[in-house]
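Student: sequence and predicted structure, then a few things I'm wondering about:
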Amino acid sequence: MLRALLIGLLLCGIVLASPADQSSKDWKQFRTNTLALGLLDEQVDGTLAACRSKGLSLDEVQELFSPVYAAKAESLPVDCVFLKIEEGLAKGVSWKSVRVAGEQRLESLRTANQMIMQARKQRGGQHAHLVSHTCLALESGLSVEALNSLFSRPGRFRYGRLIHTVEAGESLKLAGLSDEHTLLIMNECLDRELTGAEVFRVVDVISSGLRNGADFEVLHATLWTAAD
């Protein structure tokens, strides 16, 4: 009985272990395993070429890519972590620092996913897209509290509108807006059920106004005049 149970557990382990979970023996196998994560051929080939041109060993590259594999194992957006690694290598940052940046991106994705799941309870079709944009909004400086407030709004949880709105929040925060004012604009965009193009127009008006030295209160006072 015990022997049969042990054999069953071993077989389960074999079934559950995907190629991407295994340490690669050579560059070709590592490329195959990485492509299995759902990334594009040109993405993987370009990044691996950059790694090899820097003289990185296969073990170092596998360590560098570990946050990408972790994202896949946790059903988080793999491409969002991979992009961080691509960017770091392109800027000539040391691979160890790039790996740290990848881990930080992974942590931001975990936080974003947790917030959304607390509000949504189950994954919708655009879940990964919203997680990615929420992650970037967090990295832009928008607080967890502001985003939690946005996601906990009463009513229907509409992924498409939230994606545009969170993306707007990221841009507004980068433009120098406070969390309070950013959340105000995001809520108003959702209240008015603006389309993606309309949301981006709002962002453009506020961002350009701030660059020209206008006060937020003045901009906000005239923002909805035409619609009203």
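Tutor: Arrived safely, thanks for sending.
Student: quick one: mean pLDDT over stretch 184-197.
Tutor: Mean pLDDT, stretch 184-197: 95.
Student: and for stretch 86-99?
Tutor: With pLDDT averaged residue by residue, stretch 86-99 scores 96.
Student: before we move on, which element is residue 112 in?
Tutor: If you go by DSSP states H and E, residue 112 is part of helix 95-120.
Student: please name every helix or strand in contact with that helix.
Tutor: Contact partners of helix 95-120 among helices and strands, from 3 or more Cβ pairs under 8 Å, 6 or more residues apart in numbering; DSSP states H and E: helix 58-64, helix 66-73, helix 78-90, helix 127-139, helix 144-151. C-beta: built from backbone N, CA, C; applies to glycine.
Student: give me that answer again for 10 Å
Tutor: In terms of contact count using 3 or more Cβ pairs under 10 Å, 6 or more residues apart in numbering; DSSP states H and E, helix 95-120 is assigned the packing partners helix 41-53, helix 58-64, helix 66-73, helix 78-90, helix 127-139, helix 144-151, helix 159-174.
Student: and the most centrally placed residue in the chain, how close does it get to residue 161?
Tutor: If you average the C-alpha coordinates of the chain and look for the closest C-alpha using Cα atoms, centre = their mean, you land on residue 132, 2.5 Å from that point. Counting by Cβ to Cβ, to the nearest Å, the separation of residue 132 from residue 161 is 16 Å.
Student: got it, and residue 136?
Tutor: In this view, residue 136 and residue 161 are 17 Å apart by Cβ to Cβ.
Student: equivalent analysis for residue 172, please.
Tutor: For residue 172, the distance to residue 161 under the criterion Cβ to Cβ works out to 16 Å.
Student: give me the angle between the helix holding residue 112 and helix 159-174.
Tutor: Orientation of helix 95-120 against helix 159-174 (axes from the mean of the first three to the mean of the last three Cα atoms, to 10 degrees) gives an angle of 130 degrees.
Student: and helix 95-120, what's buried?
Tutor: With burial defined by 16 or more other Cβ atoms under 10 Å, the residues of helix 95-120 counted as buried are 95, 98-99, 101-102, 105-106, 108-113, 115-116.
Student: you'd agree the residue nearest to the centre of the chain is up against residue 84?
Tutor: No - the pair residue 132 / residue 84 is not scored as a contact, 11.3 Å apart, by Cβ atoms under 10 Å.
Student: now for these two: what residues contact both?
Tutor: Overlap between the contact sets of residue 132 and residue 84, as judged by Cβ atoms under 10 Å, 6 or more residues apart in numbering, is given by residue 108.
Student: who has more neighbours, residue 136 and residue 161?
Tutor: When residue 136 and residue 161 are compared for neighbours, residue 136 comes out ahead with 21 against 17, by other Cβ atoms under 10 Å.
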